[in-house]
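Asks: Okay, sequence plus prediction incoming.
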Number of protein chains: 2
Amino acid sequence: MTGRVAVDAVGGDHGLSVVVAGAVQAARRFGIPVTLVGPETDVRAELRRNETSGLDIAVVHAADAIGMDEHPAQAARRKPNSSIAIAIQEAKAGRAIGMVSAGNSGAVMAVALMHLGRITGVERPAIASTLPTLKSATLVLDLGAVTDPRPQHLVQFAWMGHVYAERVLKRPSPSIGLLSNGEEAGKGNQLVQEVFPLLAAATGLRFHGNVEGKDVPLGTVDVVVTDGFTGNVALKVAEGIASLTTQLIRDELTKTWPRKLAALTLRPAFRAVRNRLDSGEYGGAQLLGVDGTVIIAHGGSNETAIANAIRVAAAAASQDLSAAIADTLHRAGATTRADRTGVTPAS
Amino acid sequence: MTGRVAVDAVGGDHGLSVVVAGAVQAARRFGIPVTLVGPETDVRAELRRNETSGLDIAVVHAADAIGMDEHPAQAARRKPNSSIAIAIQEAKAGRAIGMVSAGNSGAVMAVALMHLGRITGVERPAIASTLPTLKSATLVLDLGAVTDPRPQHLVQFAWMGHVYAERVLKRPSPSIGLLSNGEEAGKGNQLVQEVFPLLAAATGLRFHGNVEGKDVPLGTVDVVVTDGFTGNVALKVAEGIASLTTQLIRDELTKTWPRKLAALTLRPAFRAVRNRLDSGEYGGAQLLGVDGTVIIAHGGSNETAIANAIRVAAAAASQDLSAAIADTLHRAGATTRADRTGVTPAS
């Protein structure tokens, strides 16, 4: 039995019913106790439409909700009783071991920073998620938290990715790649060229060097580090190309009756491929660097994606990442604001 | 009958035989006269292995070659008789209307700048290529020429993309999107936030606003503008995910005998999908902004990809892009180095 996970019941493009169904699925499939946070009457009504006997599902009322299009920082300040804020407070107060939201990701970040704060030594949290590869999965960060990071931020991202890959993904001595426009050491924009020697000098970090965009799906390294702007573009290109490819295949396979018949035989095969590529199977992204377990699920999450996000939250929360990250950054001398003073981190 | 296209015979991962076969294919399928540039004896020997009767294929000797791993600028200076340099000089001297190389792309850029120079008013050339989408194709630039562009460079990329989309892709009044980490006007890294108002103020440019990574495969706009670092990462992620997807499908479809049999029926369907996604079908990338037609084909080009690159070179060269770009930038007031003085371009 794991600890409880608090779930923002009203976040996501598909509304309350999908999130509630996902929470029920997580409670049944993974045995995870869940606290649904949202308008209590609506949440309870929705729960009654599900089979929940024997499941540990609590409800905590939140009067307010933050919309997908609201300005994150403003909404975070103006709506202290939003479902996001109340769910994060459940974690903060220790009534939950972590929280999941498929809502406004900027608002989740802002509220998490406000209530949970940063892990000691971390300057900026990053959004980290595993992406599917030919081998297993690669952790990529940052996917959009910091659009113009300084070199030292990327060094911290590398260490946070190292800790996550080791503890949650169970990769001993994980390899770290720096996303660039070429593999050679001199390649990259100015930021990458400044970060490369800092990572190369970091003792205890298995720095592979620069990696290219193709190395993400190839699974060349365990962790890919990049700025939040590039990471976000790369993630959305990847999702877009995967759905373009499957769309093109669907179009071709339904063009004629003989093809339709043959394709029928292959349905389990296509489902297996879709599952490998589906971001929902990977359970959302983790906000690494805040002092607590915060999972940002895809806005378009279906109920299985919500259930997987809850599973990932429980798994990550069991690892005490905050202490491990604080300790690792401290020992690496990577907590200093070294890039501003021109001093390279002690190593 | 179109003008001649000069082809670097020794560029590319697959060597001379593939480039020569691609040139022969272009001459036969598209009726394009080709000049192969490389070690004359080897090229002629390779030509004899192909059926070339009735085709207009010339050979020009180049004693030297630039390797894929050589430092671009150094190799460009030290090897005046490289196949890249001689092929570009064929274009410069008017004996060819354009050139194609699948070799060291940095060296192609350096040599092209050295011999052809920039179009009047252009500060930095960009690498532009069409990528497959659900609709037809989107032109993306820059794919790696300028890793740290200034805002004014991106404004010029937008105008060059506008001219290319109008003239070569035949899209009247093409829409232009700025690649960002969100669609809203305030989203983006610092560069994007500076470029957005410049593009919004550019009269005659149909600026759609910010687009996300997923909008490239969706075909939301005709032209996507980005810095060369992000563009290169996005391109290689896209190629990687497309090949991951087809690889996963291949693995699944060959797992059991019934699946193999059904998959046999579907081979033409899969071939059609692969052709839609294959970068080779799109004929390589154009170096936009140099005063001449220079096509950088993928290093991994097969003979069909080489033939398509030659076709694209002939099509682009027939459009007098240099004059059109010079004229457009001049009329848009986008030739000034406005971003350095804080003056927005006249519009």
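Replies: Looks like it arrived, so ask away. Predicted, not measured: the structure shown is a model, and the values here were computed from it.
Asks: how far is the lengthiest helix in chain A from where the chain is centred?
Replies: Longest helix of chain A, by residue count under DSSP state H: helix A:228-253. A distance of 18 Å separates the centroid of the chain from that of helix A:228-253, by C-alpha atoms, centre = their mean, to the nearest Å.
Asks: Report the angle between that helix and helix B:228-253.
Replies: Orientation check (axes from the mean of the first three to the mean of the last three C-alpha atoms, to 10 degrees): helix A:228-253 against helix B:228-253 gives 40 degrees.
Asks: Can you name the next helix or strand after helix A:228-253?
Replies: helix A:257-265 (DSSP states H and E).
Asks: I'd like the next helix or strand past that next one.
Replies: helix A:267-277.
Asks: bridging residues for A:Phe207?
Replies: Counting by DSSP bridges, A:Phe207 forms beta bridges with A:Ile176.
Asks: thought it was touching A:Ile176?
Replies: Yes. Counting by C-beta atoms under 8 Å, A:Phe207 sits close enough to A:Ile176 to count as a contact (5.3 Å). To be clear about C-beta, it is placed using only N, CA and C from the backbone, and glycine gets the same treatment.
Asks: ok, and for the longest helix of chain A, which residues are buried?
Replies: By neighbour count on 16 or more other C-beta atoms under 10 Å in any protein chain shown, the buried set for helix A:228-253 is A:228-246, A:248-249, A:252-253.
Asks: Same question for stretch A:41-49.
Replies: For stretch A:41-49, by 16+ other C-beta under 10 Å, it's A:42-43, A:46-47.
Asks: Show me the contact partners of that stretch.
Replies: A:9, A:16-17, A:20, A:24, A:36, A:57, A:59 (C-beta atoms under 8 Å, 6 or more residues apart in numbering or on different chains).
Asks: Identify the residue nearest the geometric centre of chain A.
Replies: A:Ala285 (0.8 Å; C-alpha atoms, centre = their mean).
Asks: Assign the residue nearest to that one when sequence neighbours are not counted to helix, strand or coil.
Replies: Nearest residue to A:Ala285, sequence neighbours excluded (C-beta to C-beta, 6 or more residues apart in numbering or on different chains): A:Ser129, at 3.7 Å. Secondary structure, DSSP: H, G, I helix; E, B strand; the rest coil: A:Ser129 is strand.
Asks: Equivalent analysis for the one 10 residues further on, please.
Replies: Under three-state DSSP, A:Leu139 falls in the strand class.
Asks: Pretty sure it sits against A:Ala126.
Replies: No. Counting by C-beta under 8 Å, A:Leu139 stays clear of A:Ala126, with 10.6 Å between them.
Asks: more crowded one of the two?
Replies: The neighbour comparison of A:Leu139 against A:Ala126 (other C-beta atoms under 10 Å in any protein chain shown) goes to A:Ala126, with 30 against 25.
Asks: Just the pLDDT for the residue lying closest to that one once chain neighbours are set aside.
Replies: In this structure, A:Ala126 finds its nearest non-sequential neighbour in A:Asp142, 3.7 Å apart by C-beta to C-beta, 6+ apart. Looking at A:Asp142, its pLDDT stands at 96.
Asks: for the record, mean pLDDT for stretch A:197-217?
Replies: 96.
Asks: what's the span of it, first residue to last?
Replies: 25 Å (C-alpha to C-alpha, to the nearest Å).
Asks: Next, the buried residues of it.
Replies: A:198-199, A:202, A:205-217.
Asks: in chain A, which spans are helices?
Replies: A:16-30, A:40-48, A:72-78, A:83-92, A:105-115, A:151-167, A:190-200, A:215-218, A:228-253, A:257-265, A:267-277, A:303-317, A:321-332, A:338-341.
Asks: need these in a markdown table with distance to B:Glu303, can you?
Replies: Output for the helices of chain A, formatted as a markdown table (distance: least, C-beta to C-beta, whole Å):
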| stretch | distance to B:Glu303 |
| --- | --- |
| helix A:16-30 | 50 |
| helix A:40-48 | 59 |
| helix A:72-78 | 52 |
| helix A:83-92 | 56 |
| helix A:105-115 | 46 |
| helix A:151-167 | 42 |
| helix A:190-200 | 35 |
| helix A:215-218 | 25 |
| helix A:228-253 | 24 |
| helix A:257-265 | 29 |
| helix A:267-277 | 30 |
| helix A:303-317 | 43 |
| helix A:321-332 | 51 |
| helix A:338-341 | 49 |
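Asks: Compare the mean pLDDT across those helices and name the weakest.
Replies: helix A:338-341 (a mean of 40).
Asks: got the phi/psi numbers for the closest residue to chain B within the stretch 1-150 of chain A?
Replies: Among the residues of the stretch 1-150 of chain A, A:Thr147 lies closest to chain B, at 4.2 Å counting by C-beta to the nearest C-beta. For A:Thr147, the backbone dihedrals are phi -80, psi -30 (criterion: degrees, to the nearest 10).
Asks: Go ahead and confirm it touches A:Thr230.
Replies: No. If you go by C-beta under 8 Å, A:Thr147 and A:Thr230 don't touch, sitting 9.2 Å apart.
Asks: tell me, what's touching the two both at once?
Replies: In contact with both A:Thr147 and A:Thr230: no residue, using C-beta under 8 Å, 6+ apart.
Asks: mind giving me the domain split of chain A?
Replies: Domain assignment for chain A, taken from automatic domain parsing, gives A:1-117+A:289-317, A:123-286.
Asks: Kindly reformat the contacts of stretch A:41-49 as CSV containing distance to chain B and neighbour count.
Replies: Output for the contacts of stretch A:41-49, formatted as CSV (distance: C-beta to the nearest C-beta, whole Å; neighbours: other C-beta atoms under 10 Å in any protein chain shown):
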residue, distance to chain B, neighbour count
A:Ala9, 25, 33
A:Leu16, 25, 20
A:Ser17, 25, 15
A:Val20, 28, 30
A:Val24, 30, 23
A:Leu36, 28, 26
A:Ile57, 34, 21
A:Val59, 32, 20
